[in-house]
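Chemist: This is a predicted model, with the sequence first.
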Amino acid sequence: MNLIITGGFARSIRLKCPKQSDVRPATDFTRQAVFSSLGDLVAGSNVLDVFAGVGCYGLEALSRGATAVTFVDKNRFHLADLNVNLAAVTRNIPQKVDVRIVCADFFLFVTKNVPNFDLVFLDPPYALSLERAAEILLLSAEHLHDGAHIVFEMPADLLPPEVPSLELLKTLGKTGKGKPRVAIFKKRPV
């Protein structure tokens, strides 16, 4: 799969993606639609990219002006590719950025880390989305301040779960088996 950064300082930089079948990175088209919808929310933000894989969402956010990104994935092979991609992207970014790469399971990570993120990208394996989508969203929302956003990529045949602390703003994507749908949520005031 050929992937590139679609906008910002590192636009057109190619991303390394393994040929393994267990990796399903966010496509260029999907990321363009998501970041167009987010607009000015990305610049200056503190971002969490969970189930990061090779880092497509977080790297795109860095290219578009995010000042801090924490990448979380439990697969060391994916994180090795993420490190290669991070080096390629950050060479093109003029400002200093704060980046953390954490090799951990999402459910363990959220119980031990409480930073206040502005923007969270969730792109779990589709099987996990089908089983635990509401739980993943609820746990992620606990680490956001009021008004912060969550971008959740899921299979198109899954409806965005209702989570009381989150307001569904928009869904993007096509319907059809194996196609991605993206739901964008905003944290409600407590």
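Modeler: Perfect, thanks for sending it.
Chemist: Of all residues in the protein, which one is nearest the centre?
Modeler: The geometric centre of the chain, computed from its C-alpha atoms, lies nearest to residue 121 (Cα atoms, centre = their mean), at 2.6 Å.
Chemist: Pretty sure that residue sits in a helix.
Modeler: No. According to DSSP: H, G, I helix; E, B strand; the rest coil, the state of residue 121 is strand, so it is not within a helix.
Chemist: quick one, what contacts it?
Modeler: By Cβ atoms under 8 Å, 6 or more residues apart in numbering, the residues touching residue 121 are 47, 48, 49, 50, 57, 58, 61, 150, 151, 153. Glycine gets a C-beta too; all of them are placed from N, C-alpha and C.
Chemist: So what's the gap between the helix or strand harbouring the second one and the chain middle?
Modeler: This means residue 48. Assigned by DSSP states H and E, residue 48 belongs to strand 46-50. Mean C-alpha position of strand 46-50 versus that of the full chain (Cα atoms, centre = their mean, to the nearest Å) differs by 6 Å.
Chemist: What helices and strands are in contact with it?
Modeler: helix 56-63, strand 68-73, strand 117-122 (3 or more Cβ pairs under 8 Å, 6 or more residues apart in numbering; DSSP states H and E).
Chemist: what is the mean pLDDT for it?
Modeler: Mean per-residue pLDDT for strand 46-50: 95.
Chemist: just stretch 89-107 next, same as before
Modeler: Per-residue scores along stretch 89-107 average to 93.
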